[in-house]
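Visitor: Build me a model:
(one chain, ligands or ions: 2)
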Amino acid sequence: MSGVRFRVDGMDVEARPGETILQAAERAGVRIPHLCYMEGMRADGNCRACVVEIQGERVLAPSCCRVPVEGMEVSATGERARASQRMVLELLLSDMPEGSYRADSELLLWATELGVGAPRFSRRPAPAPDLSHPAMAVHLDACIQCTRCVRACREVQVNDVIGYAGRGAGARIVFDLEDPMGTSTCVACGECVQSCPTGALLPRSPWEAGVVDELDMLSPLDRSW
Ligand code: SF4
Ligand code: FES
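Guide: Numbers count the residues shown, from 1 in each chain. Ligands and ions are numbered 1, 2, ... in the order given. Below you'll find the model as predicted:
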């Protein structure tokens, strides 16, 4: 089956059958930020970091869950798309702790790449850490509710321990019926840790080995507000 020919930022791109705009654009070397999408996992379209402008459409589209059609004209790094991508990153950053639990936090890396500085918005109250599990540390103050861990637990490992509770600003990741991770039915497979883009879920070892100090977290951004 032949691919779909369309254009991204004026460049001819051919999408393979079933490929999304994001996947085809990435293959062509176009950098579109994405957080809730992870290769090998079902796209969920919840973070909106990957929005692009499609000619003839009124609203921006999430490129991670939109497949191109023949002749489509997409602006992925144009002014309008980039402004929205930066705003999404800034809003997510505004809720982050003052540093990052991981130096390679995908959120911080994308924010740095797109030139997003210190957020202008106030931070939400930080949830307390959950250090009840012997192998994993949970710091939901760094959670962006991307649900990658939920999909990793439920759809990749079929364990169904991690869920999503609450609504609006109260939405949060939970283990079983909001149990501490250490007393939940978690089997410590580590799939959620592998999938987490920010370090909200981390192996315990870096903390215990002193490689990462919770009070001296790393950050490539100016967090001095
Ligand atoms: S804990 Fe990590 S993977 Fe899970 S929703 Fe939060 S940021 Fe995403
Ligand atoms: S990566 Fe597309 S909506 Fe999150």
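Visitor: residues contacting Asp141?
Guide: Contacts for Asp141 (CB atoms under 8 Å, 6 or more residues apart in numbering) come out as 95-97, 126-127, 129, 200. For every residue, glycine as well, the C-beta is placed using N, CA and C.
Visitor: sec struct for it, please.
Guide: Under the three-state scheme (DSSP: H, G, I helix; E, B strand; the rest coil), Asp141 adopts helix.
Visitor: Roughly how far does the residue nearest to it when sequence neighbours are not counted sit from Arg120?
Guide: Residue nearest to Asp141 in three dimensions, not counting chain neighbours: Ala126, with 3.8 Å by CB to CB, 6 or more residues apart in numbering. From Ala126 across to Arg120, the span is 19 Å (CB to CB, to the nearest Å).
Visitor: Neighbour count for these two, which is higher?
Guide: Shown here are Ala126 and Arg120; by other CB atoms under 10 Å, Ala126 has more neighbours (14 against 10).
Visitor: So that one is in contact with Pro97, correct?
Guide: Yes - using CB atoms under 8 Å, Ala126 makes contact with Pro97 at a distance of 6.5 Å.
Visitor: who in this structure is up against ligand 1?
Guide: Within reach of ligand 1 by CB under 6 Å from any ligand atom, the chain has these residues: 143-149, 173, 195-198, 200-201.
Visitor: Return the subset of those residues lying in helices.
Guide: 148-149, 195 (DSSP state H).
Visitor: Nearest to Tyr164 among those?
Guide: Nearest to Tyr164 among those: Cys149, at 9.6 Å, using CB to CB.
Visitor: quick one: pLDDT of the closest residue in space to the closest one that isn't next to it in sequence?
Guide: Take Cys149 and drop its neighbours on the chain: the residue closest to it by CB to CB, 6+ apart is Cys192, 3.7 Å away. Reading off the confidence values, Cys192 has pLDDT 97.
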